[in-house]
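*Asks:* take a look and give me a structure for this.
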Amino acid sequence: MTRMTTAEATVAALIAHGLDTIYALPGVHNDYLFDALFKAGDRLRTVHTRHEQAASLMALGAALATGKPQAYTVVPGPGLLNSATGLLTAYGTNAPVLGLIGHIAQSAIGRGFGHLHEIRDQAGIIARLADFTARIRTPAEAPGKVADAFRAMKTGRPGPAVLECAIDVWGRSGPVPSITAPAPMPAPVIDEDAILAAAKRLGSAQRVLIVAGGGAQDASPEVTELSQMLQAPVMAFRRGRGVLDARNPFSVTLPLGHELWGEADAVLAVGTRLFYGFHQWGIDSELSIIRVDADPEEPERCRTPAVALIGDSAPILRSLIGVLPAHNQARASRRGEMQERQAKLRNRLSKLAPQLGYLDAIRAELPDDGILVEDVTQLAFAARLAYPVYGPRTFISPGYQDPLGWGYATALGVQDARRDVPVVLISGDGGFLFTGAELATAVHHRIPLVAVVFNDSAYGNVRRIQEERFGNRIIASNLTNPDFVRYAESFGAVAEKARDPEGLRAALKRGFARRDGPTLIEVPVGPLPSPWEFINLPRVRGRRQ
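*Replies:* Residues are numbered from 1 along each chain as shown. Model (predicted):
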């Protein structure tokens, strides 16, 4: 037993679990925690932000880019609520984000005295944002509670966890048991009978479609091999992009996936909710669905699948690959068919030419392993359909929460965690200013993120809907903006304006070469063509669930 404060024991446990960075905004409730972080020095680097939302979003970006647990810390009450967007989106994207949240004095919790930052039932609020939450009450509890949180983030469906600690507990000293690195997680047991059943169904199917979601990001080699074995296209919309290299003609996005869904007789769904298939495109008895999911409750949520394979996708698919050849029929190559279909889709998407020109410029300058982060904006909607993604974790999307303005702070976390590769954010002028003040964080911590702000002086998607569906009754969608170049320069960032795709390419080249601080590129744009006909697609079979 070693005598430590609760804060020191917590920090030591975080380090033992492999954490090397914490994103943070300090405050009186967490003073002793920050003192412990100071003492940890380079073993646990502290990156502080200008808003609590940015602290949680930077941790989220780092988690999505690396697949590894990341942490942030803020004060209770307003601090927690400001950070809730990051927790909510971490839950929606299955990202292992640990929140360390301060609290009022332990004896006052739940008594409604009106302490600074007191919030009614803080633990209850947190429980609706994260699957695991606990309060550290003594120094001796800290290592075990940290271990429980890390275990929860890795068990079943990944996701966020939260640990609370009261203002008068962080600094309390006491005996603490030895803190050691956690033992490796036991290998999950794979249901061999279910593997065999899946192999038989897939092997006998004539036209297999693989649907890859965020849960397939760590199974790219396996998905690629199965695609080849089954001559199966792999459809991904946002979170599954890059699981199959977009240069492979079998890698398809939503519009072509919609066509293939209507033709398929079997779907192998890997780490995906299958939202579009179940809720928009329809389902019938002619379609056999095999689901691979870490969450045992997910496969039955909409419709009982033909086979459910529960666990991490990579080992399950590797086991399936071992069994499939004995049951797989001889298959003619579909490569020529898929090349022809891809060409036809590109022709259909040509109506999005303004967006595609800028996306092509980004792809031309961003290295193969460079990372694109999308905010909720016109260019991002087109990117989900047409931007070529070459590898896992190189297209960072917010998933079904789609929180407007998450982009800049999240991309900062991506770039901070992956300083070995260039990262580019695509954002609109509306969303950028949600966390644009984090330019100060980027400059202070010398984070070399390149942000491209497409400026149409509006919440452009909202304005277009008002024009097209509501008789041009425009309300609350036009914006007054700063001069974005001067705005960025006022923080000490490098900034410039690009007026066309060629200008953007040149600006990106300069930005990616600059590795000692952030770059902002403003691109003025007019109204952009609507992408929604390629996203809101009709039912093609059976019935909706």
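*Asks:* may I have stretch 411-431 as PDB, with CA atoms only?
*Replies:* What follows is stretch 411-431, C-alpha atoms only, in PDB (Å, rounded to 0.1, in the frame of the first residue of the first chain):
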ATOM      1  CA  ALA A 411     -10.600  17.500 -35.800                       C
ATOM      2  CA  LEU A 412      -8.200  19.100 -33.400                       C
ATOM      3  CA  GLY A 413      -8.300  15.900 -31.300                       C
ATOM      4  CA  VAL A 414      -7.800  13.800 -34.400                       C
ATOM      5  CA  GLN A 415      -4.800  15.800 -35.400                       C
ATOM      6  CA  ASP A 416      -3.400  15.900 -31.900                       C
ATOM      7  CA  ALA A 417      -3.600  12.100 -31.600                       C
ATOM      8  CA  ARG A 418      -2.300  11.500 -35.200                       C
ATOM      9  CA  ARG A 419       0.500  14.100 -35.600                       C
ATOM     10  CA  ASP A 420       2.200  11.700 -38.000                       C
ATOM     11  CA  VAL A 421      -0.300  12.400 -40.800                       C
ATOM     12  CA  PRO A 422      -2.100  15.500 -42.200                       C
ATOM     13  CA  VAL A 423      -5.700  16.100 -41.100                       C
ATOM     14  CA  VAL A 424      -8.100  18.300 -42.900                       C
ATOM     15  CA  LEU A 425     -11.500  19.500 -41.700                       C
ATOM     16  CA  ILE A 426     -14.300  20.400 -44.100                       C
ATOM     17  CA  SER A 427     -16.800  22.800 -42.400                       C
ATOM     18  CA  GLY A 428     -19.400  25.300 -43.300                       C
ATOM     19  CA  ASP A 429     -19.300  28.900 -42.000                       C
ATOM     20  CA  GLY A 430     -22.300  28.200 -39.600                       C
ATOM     21  CA  GLY A 431     -20.800  25.100 -38.000                       C
END
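*Asks:* distance of Leu317 relative to Gly391?
*Replies:* Between Leu317 and Gly391 the computed distance is 17 Å (CB to CB, to the nearest Å). Backbone N, C-alpha and C define where each C-beta goes, glycine included.
*Asks:* compare these two (neighbour count), which wins?
*Replies:* Leu317 (25 against 18; other CB atoms under 10 Å).
*Asks:* quick one: that one from Arg135, how far?
*Replies:* Taking CB to CB, one finds Leu317 at 39 Å from Arg135.
*Asks:* and Ala13, by the same measure?
*Replies:* Applying CB to CB, the value for Ala13 to Arg135 is 15 Å.
*Asks:* those two: which has the busier surroundings?
*Replies:* Neighbours per residue, other CB under 10 Å: of Ala13 and Arg135, the larger number sits with Ala13, 23 against 19.
*Asks:* what sits against the more buried one?
*Replies:* 142-143, 146-147, 179 (CB atoms under 8 Å, 6 or more residues apart in numbering).
*Asks:* can you give me phi and psi for it?
*Replies:* phi -70, psi -40 (degrees, to the nearest 10).
*Asks:* what do you get for Asp35?
*Replies:* The phi/psi pair for Asp35 (degrees, to the nearest 10) reads phi -70, psi -40.
*Asks:* correct me if wrong, but Val211 is in a strand.
*Replies:* Yes: with DSSP: H, G, I helix; E, B strand; the rest coil as the criterion, Val211 is part of a strand.
*Asks:* tell me where the model's unsure across the stretch 351-500 of the chain.
*Replies:* Along the stretch 351-500 of the chain, no part satisfies pLDDT under 70.
*Asks:* can you show me the helices along the stretch 151-300 of the chain?
*Replies:* For the stretch 151-300 of the chain, the helices defined by DSSP state H, counting those that start in this stretch cover 192-204, 220-230, 254-263, 275-276.
*Asks:* what residues does the third one touch?
*Replies:* Outside helix 254-263, the residues that touch it by CB under 8 Å, 6+ apart are 207, 209, 211, 233, 235-237, 252, 267, 276-277, 281, 341-342, 345, 348-349, 384-385, 534-535, 537, 540-541.
*Asks:* what's the PyMOL line that selects buried ones from the residues you listed?
*Replies:* The PyMOL command for the buried members of the contacts of helix 254-263 (criterion: 16 or more other CB atoms under 10 Å) is given here:
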select buried, resi 209+211+233+235+236+237+252+267+276+277+281+341+342+345+349+384+385+534+535+537
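*Asks:* tell me how far Leu320 lies from Met58.
*Replies:* Distance of Leu320 to Met58, computed by CB to CB: 37 Å.
*Asks:* of these two, which one has the most company?
*Replies:* Met58 (36 against 24).
*Asks:* wait, that one sits on Gln415?
*Replies:* No: using CB atoms under 8 Å, Met58 is not in contact with Gln415, being 9.6 Å away.
*Asks:* wait, which of the helices of the stretch 151-300 of the chain is closest to Ser83?
*Replies:* helix 275-276 (26.4 Å; CB to CB).
*Asks:* any idea of the mean pLDDT in that closest one?
*Replies:* What helix 275-276 shows for mean pLDDT is 95.
*Asks:* which strands or helices does it pack on?
*Replies:* Packing contacts for helix 275-276, counted by 3 or more CB pairs under 8 Å, 6 or more residues apart in numbering; DSSP states H and E, involve helix 254-263.
*Asks:* okay, buried residues for the helix it packs on please.
*Replies:* By neighbour count on 16+ other CB under 10 Å, the buried set for helix 254-263 is 254-262.
*Asks:* ok now it, how far from the chain's centre?
*Replies:* A distance of 24 Å separates the centroid of the chain from that of helix 254-263, by CA atoms, centre = their mean, to the nearest Å.
*Asks:* that helix - what's its average pLDDT?
*Replies:* In this model, helix 254-263 carries a mean pLDDT of 98.
*Asks:* okay, that helix in CSV with CA atoms only?
*Replies:* C-alpha atoms of helix 254-263 as CSV (Å, rounded to 0.1, in the frame of the first residue of the first chain):
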residue,chain,number,x,y,z
LEU,A,254,-25.3,4.8,-50.4
PRO,A,255,-26.9,5.2,-53.8
LEU,A,256,-25.3,2.1,-55.3
GLY,A,257,-25.8,0.2,-52.0
HIS,A,258,-29.5,1.0,-52.3
GLU,A,259,-29.6,-0.6,-55.8
LEU,A,260,-27.7,-3.7,-54.5
TRP,A,261,-29.9,-4.0,-51.5
GLY,A,262,-32.9,-4.5,-53.8
GLU,A,263,-31.0,-7.3,-55.7
